[in-house]
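Novice: Give me coordinates for this.
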Amino acid sequence: MRVGNLPFLLLLCAALSCAFPANTRQTKEEGMQLIQKYLENYYGFKKDGEPFVWKSDNAMTQKLKEMQEFFGLEVTGKLDSGTLDLVQKRRCGFPDVAGFSTFAGEPKWTKHVLTYRIVNYTPDLGPAEVNVAIRKALRVWSSVTPLRFIQKDRGHNDFIPFDGPGGSLAHAYAPGKDFGGDAHFDEDETWTKSTEGTNLFYVAAHEFGHSLGLSHSKDPNALMYPVYRKFDPSVLLLHQDDITGIQYLYGPSSNTNNDQTESTEIKDPTESKDPALPNSCSSNLTFDAVTTFRGELIFFKDKHIWRKHPAVRTADFELISSFWPRLPPGVDAAYEIPEKDEMVIFKGNEFWVVRGDTILSGYAQKLYTLGFSKDVSKIDAAFHNGIEGKTYYFIADKFWSYDERSQSVERKSSLIRDAFPGINGKIDAVFQHENFLYFFSGRKQFEFDLNKKRVTRLLKTNFWFPC
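Specialist: Model prediction:
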């Protein structure tokens, strides 16, 4: 199946105006200006130009009551301290509605495989950290729906200004043409991957709810509640209200618990009765190749791959042809070059270079173009060490290193056991995660500490899956 390219964009944007400072005492006039601006931004209030007077039937008073009712405050229609405190909190830039709620007309994407691209990156975090946060935020929604997301290659041009630090953090658009699905993030915020500052993952997960068709919820426990909260990584992000809303649009996922509980039973389509499908929890499981790719782990087996984020319990099971229709099944090896945003995949005496779901032009190429002799018929495993700028190729019980800078492979091979004590004989796959290498050989997996130069753990091949 060819993946559709839908207009699903992410942008990190510079602010165009300044917000009122939070946690300072406001004069009555400043308070009225603040609440008026808030009601204009989030509740559709239209100023008539007349000086505001507190009247029960006044349009602004009615909007203020609507806002107080939405947030569960005492409905007074007056600017009391609780209301003033709430309007100074950081929040989503999209207007409020009750519910779980969808946008008018219930717009949604017609395809379940959506592509996205990040147009520019915040300087607060490294590009790799941004990529991980965005993928993790998208996985929040794919874990409870049939939706799948693929990053495409890499301004804020919707003419809706941000408001400086605090206030509105981000906004997003419902599915549709032009700006449809776009999510914009205020660059005047301090974006982080922790509980300090503004957590990019948390805000992105909320905004992507809008990009997929959800409006705001008035349930204070829901992810789609408009006010920003300190992100607690120990608490499940989606509330039942969020799950009910997104599944109303797209239906439930076929391979996960709808309540996101930490089940010990893997929800994986490979557990079907079809004997041709690999089972991720089988004691006999072996892999053709394993690699990191854009913050995820990719496990290759015959015609299929598993995609899994190391910090997320569930795994997505896909056909290789869903992403790369020209790639053959049963690949031999794969590795990632993060600094180039590329993955190199080997089968027999050929290899391909992919970026996202695109195979770069000019591939496949033969192994000898890398500098191997023409009698080398296949690569068993490979991994890339970005710090060294070298790639290691494993063939039988030996390995060669390839210098990415000089574009040359060393002439002489080395024994695997000499450079990696405890790793003996032929290996099936290898990848690097943090400061460890993970070698796969048959039904075993060896964790190798790069600093201590020794094997630290013997693991099952399906260690990374919730079996």
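Novice: So, low pLDDT: which residues of the protein?
Specialist: For the chain, the stretches with pLDDT under 70 are 1-28, 44, 46-57, 91-104, 152-169, 171, 178-179, 231-236, 254-276, 311-313.
Novice: all helices of it, in order?
Specialist: 28-42, 59-70, 81-87, 127-142, 200-211, 240-250, 320-323, 416-419 (DSSP state H).
Novice: so which of those helices is the most packed in?
Specialist: helix 200-211 (a mean of 25; mean count of other C-beta atoms under 10 Å). For the C-beta atoms, the positions are set from N, CA and C on the backbone; glycine is no exception.
Novice: If you count contacts, what does that one end up packed against?
Specialist: Packing partners of helix 200-211 (3 or more C-beta pairs under 8 Å, 6 or more residues apart in numbering; DSSP states H and E): helix 127-142, strand 170-172, strand 183-186, helix 240-250.
Novice: and that helix with helix 127-142, angle?
Specialist: 50 degrees (axes from the mean of the first three to the mean of the last three C-alpha atoms, to 10 degrees).
Novice: between the helices and strands packed on helix 200-211, which gets nearest to residue 72?
Specialist: helix 240-250 (14.1 Å; C-beta to C-beta).
Novice: what about that closest one, distance to the chain center?
Specialist: Relative to its parent chain, helix 240-250 has a centroid offset of 19 Å by C-alpha atoms, centre = their mean, to the nearest Å.
Novice: same thing with stretch 352-371?
Specialist: With C-alpha atoms, centre = their mean, you get 26 Å for stretch 352-371.
Novice: Contacts for it next, please.
Specialist: 3, 115, 150-153, 323-324, 326-327, 341-346, 349-351, 374, 376, 378-379, 402, 408-409 (C-beta atoms under 8 Å, 6 or more residues apart in numbering).
Novice: Going through these, which ones are buried?
Specialist: 3, 115, 150-152, 323-324, 327, 341-346, 349-351, 376, 379, 402, 409 (16 or more other C-beta atoms under 10 Å).
Novice: Mind checking which of those land in strands?
Specialist: 115, 150, 151, 342, 343, 344, 345, 346, 350, 351, 402, 409 (DSSP state E).
Novice: Need these in CSV (columns: distance to residue 428).
Specialist: Converted to CSV, those look like this (distance: C-beta to C-beta, whole Å):
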residue, distance to residue 428
115, 31
150, 26
151, 27
342, 22
343, 18
344, 17
345, 15
346, 13
350, 19
351, 17
402, 20
409, 21
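Novice: For those, which two are the farthest from each other?
Specialist: Largest pairwise distance in these, by C-beta to C-beta, is 34.5 Å, between 115 and 409.
Novice: Could you list the domains of the chain?
Specialist: With domains defined by automatic domain parsing, the chain comprises 9-16+96-250, 28-87, 269-464.
Novice: winner for burial among these?
Specialist: Buried most deeply of these, by mean count of other C-beta under 10 Å, is domain 9-16+96-250, with a mean of 19.
Novice: Tell me how far that one lies from the chain's centre.
Specialist: That offset, for domain 9-16+96-250, works out to 10 Å (C-alpha atoms, centre = their mean).
Novice: center of the chain - which residue?
Specialist: residue 135 (0.9 Å; C-alpha atoms, centre = their mean).
Novice: hang on, it packs against residue 307?
Specialist: No: when contacts are counted by C-beta atoms under 8 Å, residue 135 is not listed as touching residue 307 (9.5 Å).
Novice: Please enumerate the shared neighbours of the two.
Specialist: residue 296.
Novice: what about the spatially closest residue to the residue nearest to the centre of the chain that is not a sequence neighbour, distance to residue 392?
Specialist: Nearest residue to residue 135, sequence neighbours excluded (C-beta to C-beta, 6 or more residues apart in numbering): residue 295, at 5.4 Å. Using C-beta to C-beta, to the nearest Å, one gets 21 Å for the distance from residue 295 to residue 392.
Novice: mind listing what residue 416 touches?
Specialist: 394, 397, 398, 399, 423, 424, 425, 427.
Novice: how near is it to residue 396?
Specialist: Distance from residue 416 to residue 396, by C-beta to C-beta: 9 Å.
Novice: Could you do residue 373 as well?
Specialist: Distance from residue 373 to residue 396, by C-beta to C-beta: 14 Å.
Novice: Repeat that for residue 217.
Specialist: Residue 217 is 58 Å from residue 396, by C-beta to C-beta.
Novice: Could you do residue 429 as well?
Specialist: Plainly put, residue 429 is 15 Å away from residue 396 if you go by C-beta to C-beta.
Novice: One more: residue 402?
Specialist: 17 Å.
Novice: try residue 132
Specialist: Distance of residue 132 to residue 396, given as C-beta to C-beta: 35 Å.
Novice: same thing with residue 303?
Specialist: 26 Å.
Novice: Verify the stated contact: residue 203 with residue 228.
Specialist: Yes: using C-beta under 8 Å as the test, residue 203 is close enough to residue 228 to be in contact (6.9 Å).
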